[in-house]
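[1] Sequence first, predicted model second:
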There are 2 protein chains.
Amino acid sequence: MSENKISSTLLSDAVDQMSRLPGIGRKTALRLTLFLLKQSKEEVRQFGQAFINMREELNYCEICNNISDLRTCPICSDPTRNHSLICVVENILDVMSIENTRQYDGLYHVLGGVISPIDGVGPGDLKINSLLDRVQTSRVSEVIMALSTTMEGETTSFYLFRKLAPFDLRISVIARGINFGDELQYTDEVTLGRSIKNRQPFNPE
Amino acid sequence: MSENKISSTLLSDAVDQMSRLPGIGRKTALRLTLFLLKQSKEEVRQFGQAFINMREELNYCEICNNISDLRTCPICSDPTRNHSLICVVENILDVMSIENTRQYDGLYHVLGGVISPIDGVGPGDLKINSLLDRVQTSRVSEVIMALSTTMEGETTSFYLFRKLAPFDLRISVIARGINFGDELQYTDEVTLGRSIKNRQPFNPE
């Protein structure tokens, strides 16, 4: 079944869309689409609309850049959290991973990636200026770097350290229980939770 | 990342919908949904709408029960095909598989399954009456059984043979190059094409 002849453009359009998802080949796309075809019209409408609604209406928190239904995310607007602590992460999956450890009660700052000249990502492509704004305008006592321990993550941590050094605050980095080369989002909860608790002062070289 | 806390109901709704697909776990669903979140609004609208349109507008051919954009599928309405030949298959994937062999130029009849008392599927749940109608009302010279060589497929072939026996037509079955227990849709094209060409008269002992 290499090249399927699909006798309906409606079906083949749906299969084309499904196979645009990363890691979903043509055959899997066909199987998933035929599964949807067996569901009720109402169920399929809910399926399709969920993604459209998400893309149309989802906001990014204007403080920390985390995803949010409102202009400010539930974490930034939670008065019981420690607002003097900012944990800098690459993406929203990292926020979820750290939240799952239940070891951290401060705020976050989602950079939107790491500096990577090979991928054409420079400091200007990341939410670095808004981090510096937060540090200047609100009472932040500590910034925790929780970037991946890859070359790009380390470079970004070092860049941020230089930008943050002039301010009167502690700069720390999550403990290196994590192997060099690991991506944060795939780290187990125990290791990740412990490395947040045992964070150390940032000390380049 | 066992139970993800998702800070947005719009995102968590979309992830819930994605994880309803068979074989897609929560973590994969999150990854696929975040991929969609990075696409343009227009692309995501096309993604969601493709499935809604398919489910709302897709028809089943009123002759052979294959999926179709129109009331009659492109195969049944093709005058260059041999209209005196009907190949009986379980589902639309089987039609696609046989079409891919380019060895068959007759028509199809999609049963919609096989008789399976364990799954509560009886003859009345399949498109058997419409097959008998076709045999009675149009000039059909041969019916080819191309059901899976499982117990249920064999039972269904035998049931159809008894129903078709009174009519003046040849009843054949695709050659058993296929191992007993194999599902038709997973058979390689060469074997499947050869077994269509070498079909044999149906002969239940």
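    On my side now, so go ahead. Numbering: from 1, shown residues only, chains lettered A, B, ... in the order given.

[2] relative orientation of the lengthiest helix in chain A and helix B:41-57 in degrees?
    Secondary structure assigned by DSSP state H gives helix A:41-57 as the longest helix of chain A. Counting by axes from the mean of the first three to the mean of the last three C-alpha atoms, to 10 degrees, helix A:41-57 lies at 170 degrees to helix B:41-57.

[3] next SSE after helix A:41-57?
    On the C-terminal side of helix A:41-57, the nearest following helix or strand under DSSP states H and E is strand A:59-60.

[4] Tell me which strands that next one pairs with, and in which orientation.
    strand A:67-68 (antiparallel) (DSSP bridges).

[5] State the mean pLDDT of the strand it pairs with.
    The pLDDT scores in strand A:67-68 average 88.

[6] How far off centre is it?
    11 Å (C-alpha atoms, centre = their mean, to the nearest Å).

[7] can you pull out the strands in chain A?
    Using DSSP state E, the strands of chain A run over residues A:59-60, A:67-68, A:82-89, A:106-110, A:142-145, A:170-173, A:200-201.

[8] Lowest average confidence across those, which one?
    strand A:200-201 - the lowest mean pLDDT of the strands of chain A, at a mean of 72.

[9] ok, A:L132 touching A:K163?
    Yes. The pair A:L132 / A:K163 is scored as a contact, 6.2 Å apart, by C-beta atoms under 8 Å. No exception for glycine: its C-beta is placed from N, CA and C like everyone else's.

[10] can the strands of chain A go into TSV with extra columns for distance to A:E154 and mean neighbour count?
    Formatted as TSV, the strands of chain A follow (distance: least, C-beta to C-beta, whole Å; neighbours: other C-beta atoms under 10 Å in any protein chain shown):
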stretch	distance to A:E154	mean neighbour count
strand A:59-60	26	16
strand A:67-68	26	23
strand A:82-89	13	20
strand A:106-110	18	24
strand A:142-145	10	21
strand A:170-173	10	19
strand A:200-201	14	10
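
[11] show me the contacts for A:S141.
    With contact set as C-beta atoms under 8 Å, 6 or more residues apart in numbering or on different chains, A:S141 has these partners: A:84-85, A:169-170.

[12] The same query, at a cut-off of 10 Å, please.
    A:82-86, A:106, A:168-170 (C-beta atoms under 10 Å, 6 or more residues apart in numbering or on different chains).

[13] Name the nearest residue to A:T80, ignoring sequence neighbours.
    A:D105 (7.7 Å; C-beta to C-beta, 6 or more residues apart in numbering or on different chains).

[14] count of residues packed around the one you found?
    The tally of other residues near A:D105 (other C-beta atoms under 10 Å in any protein chain shown) stands at 12.

[15] Distance check, it against A:S172.
    15 Å (C-beta to C-beta, to the nearest Å).

[16] tell me the pLDDT at A:R71?
    88.

[17] Got phi/psi on it?
    phi -70, psi -20 (degrees, to the nearest 10).

[18] Identify the residue nearest it in space, chain neighbours excluded?
    Per C-beta to C-beta, 6+ apart, closest to A:R71 is A:E62, 5.4 Å.

[19] Cross-check the contact I'm expecting between A:S19 and A:D13.
    No. Counting by C-beta atoms under 10 Å, A:S19 does not reach A:D13; the two are 11.0 Å apart.

[20] Report the set of residues contacting both of the two.
    By C-beta under 10 Å, 6+ apart, the residues touching both A:S19 and A:D13 are A:T33.
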